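Engineer: let's see this in three dimensions:
(2 chains)
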Amino acid sequence: QKEVEQNSGPLSVPEGAIASLNCTYSDRGSQSFFWYRQYSGKSPELIMSIYSNGDKEDGRFTAQLNKASQYVSLLIRDSQPSDSATYLCAVYGSSNTGKLIFGQGTTLQVKP
Amino acid sequence: EPEVTQTPSHQVTQMGQEVILRCVPISNHLYFYWYRQILGQKVEFLVSFYNNEISEKSEIFDDQFSVERPDGSNFTLKIRSTKLEDSAMYFCASTSGGVFYGYTFGSGTRLTVV
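Structural biologist: Purely as a prediction, here's the structure:
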């Protein structure tokens, strides 16, 4: 069974701090990795994608990938109360059908 | 920005009834998916659809479920005889294809089976 694991949280950070969210995956053949943000009662919204080892930055967000350790992370700099949401890690496995496997999500609370 | 549209936003149905959930994917996308999320749980894969046929389905997607793309734009999920445990948020998603593209999700249909 291919799995994606996240700490469910909640992760609580003060406004302006860096939030660090982590994810591990079991399928070594996984090729692409995504972070989605989900507000309560809403659908997932794609915020970052990463395919190669290392860091990828987009505004206040940085995704980090280490395929040897099967580890993906998301850093949110200068966290804002509007960043309070559940962050879902998703992985394209080795299947060629494009199926995304989701972790259970980490709830982030940014306190003003 | 192109959107994936889902209707209805909320459906209440009696156990044993048939429901059809509708989706209009982004027009130039080729790959279509249904996922569900039971309240408080993870987003779970149901089925993937490409070139007018199912490419993969999960264990959840049993004989009670079916998908169709009847007219080249709509993409539907039918549940023939709903059970209480089918109550969930159902999300349609589409992508242009390739492992480097994430999905665009629709806003979801909340299905409540009573």
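Engineer: how about the residues of chain A near chain B?
Structural biologist: Counting by Cβ under 8 Å from any Cβ of the partner chain, the residues of chain A close to chain B are A:31-32, A:34, A:36, A:42-46, A:49, A:51, A:88, A:90, A:92, A:95, A:97-105. Heads up, the C-betas are built off the backbone N, CA and C, glycines and all.
Engineer: those in helices, which ones?
Structural biologist: Among the residues of chain A next to chain B, no member falls in helices (DSSP state H).
Engineer: strands - which of those land there?
Structural biologist: A:32, A:34, A:36, A:45-46, A:49, A:88, A:90, A:92, A:100-102 (DSSP state E).
Engineer: what ranges does chain B have for its helices?
Structural biologist: With DSSP H, there are no helices along chain B.
Engineer: for it, which spans come out with low pLDDT?
Structural biologist: Applying pLDDT under 70 to chain B flags residues B:98-99.
Engineer: tell me where the model's unsure across chain A.
Structural biologist: Under the criterion pLDDT under 70, the flagged ranges of chain A are A:1.
Engineer: within range of chain A, give me the residues from chain B.
Structural biologist: Within reach of chain A by Cβ under 8 Å from any Cβ, chain B has these residues: B:31, B:33, B:35, B:41-45, B:48, B:50, B:55-56, B:91, B:95, B:97, B:99-100, B:102-108.
Engineer: who's in contact with the residue of chain A most remote from its centre?
Structural biologist: The centre of chain A is farthest from one residue, A:P112, which by Cα atoms, centre = their mean lies 22.6 Å away. A:P112 makes contact with A:15, A:81, according to Cβ atoms under 8 Å, 6 or more residues apart in numbering or on different chains.
Engineer: again, only this time at 10 Å
Structural biologist: Contact partners of A:P112, counting by Cβ atoms under 10 Å, 6 or more residues apart in numbering or on different chains, are A:14-16, A:80-81.
Engineer: over to A:S69?
Structural biologist: Residues near A:S69 by Cβ under 10 Å, 6+ apart: A:24, A:53.
Engineer: next one: it from chain B, what distance?
Structural biologist: 20 Å (Cβ to the nearest Cβ, to the nearest Å).
Engineer: helix/strand/coil for that residue?
Structural biologist: Here A:S69 is recorded as coil under DSSP: H, G, I helix; E, B strand; the rest coil.
Engineer: report the beta-bridge partner residues of the spatially most central residue of chain B.
Structural biologist: With distances taken as Cα atoms, centre = their mean, B:W34 lies nearest the centre of chain B, 3.1 Å away. Residues in a beta bridge with B:W34, per DSSP bridges, are B:V47, B:C92.
Engineer: you'd agree it is up against B:R69?
Structural biologist: No - using Cβ atoms under 10 Å, B:W34 makes no contact with B:R69, being 11.9 Å away.
Engineer: need the overlap of contacts for those two.
Structural biologist: B:23, B:49, B:75-76.
Engineer: a markdown table for these, including neighbour count and distance to A:P10?
Structural biologist: As requested, those are exported to a markdown table (neighbours: other Cβ atoms under 10 Å in any protein chain shown; distance: Cβ to Cβ, whole Å):
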| residue | neighbour count | distance to A:P10 |
| --- | --- | --- |
| B:C23 | 26 | 32 |
| B:F49 | 23 | 35 |
| B:F75 | 26 | 35 |
| B:T76 | 16 | 37 |
